[in-house]
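Visitor: Take a look and give me a structure for this.
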Amino acid sequence: MTDRPIRASDQERESVVDVLRDAFTDGRLTFDEFEERTAAAYAAKTWGQLRELTADLPAQPRLGADLDRRLQAPPPQPLPPGLRPRQAGRGRPFDRVLPVLFVWIVISAAAGSPSIAAALSFIFICVLATRIGYGGRW
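Guide: Sure thing, here's the model as predicted:
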């Protein structure tokens with residue numbers, strides 16, 4: 001199959017210009033050849049026209065790199081049954097309560113109030129169990 005009718009993208013034209021720039025820097029092209037081929041690269045419409053510009057150079061541009069990326073992109077994975085995506089703006093219940101409870105437990109234990117620390121610890125464990133029941137993820 002020939003690649004002549006495949007239309008070139010801007011990224012592919014830039015790839016060819018990069019190859020031409022490297023060839024000019026290496027001394028493989030004169031300045032006039034570089035200018036002429038660069039203008040032709042920006043005017044090229046197909047892969048065939050782009051390949052002709054670098055056919056006599058050792059390095060070849062990568063044409064179709066954007067197509068490879070689209071083909072290699074993994075398809076989205078479905079969620080396991082029972083899980084639904086987290087909606088923007090909706091937090092889980094008690095999102096901000098856990099850190100506050102933890103700090104209260106530490107302060108009450110340090111202040112010598114074991115009964116308050118025990119009661120807050122019980123509430124902390126209940127809230128934590130509720131969070132785990134909402135999907136098991138933090």
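
Visitor: all contacts plus neighbour counts: C-alpha atoms, from now on.
Guide: Will do.

Visitor: List the buried residues in stretch 47-55.
Guide: Neighbour counts over stretch 47-55 (16 or more other CA atoms under 10 Å) mark 47-51, 53-54 as buried.

Visitor: same thing with stretch 13-22?
Guide: 13, 15-17, 19-21.

Visitor: Make a markdown table from the residues you listed and add distance to residue 38, secondary structure and pLDDT to it.
Guide: Formatted as a markdown table, these follow (distance: CA to CA, whole Å; DSSP: H, G, I helix; E, B strand; the rest coil; pLDDT from 0 to 100):
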| residue | distance to residue 38 | secondary structure | pLDDT |
| --- | --- | --- | --- |
| 13 | 9 | helix | 92 |
| 15 | 11 | helix | 91 |
| 16 | 8 | helix | 93 |
| 17 | 6 | helix | 93 |
| 19 | 10 | helix | 92 |
| 20 | 7 | helix | 94 |
| 21 | 9 | helix | 92 |
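
Visitor: out of these, who's nearest residue 97?
Guide: Residue 97 lies nearest to residue 15 out of the buried residues of stretch 13-22, by CA to CA, at 54.0 Å.

Visitor: Against residue 49, how distant is residue 12?
Guide: 11 Å (CA to CA, to the nearest Å).
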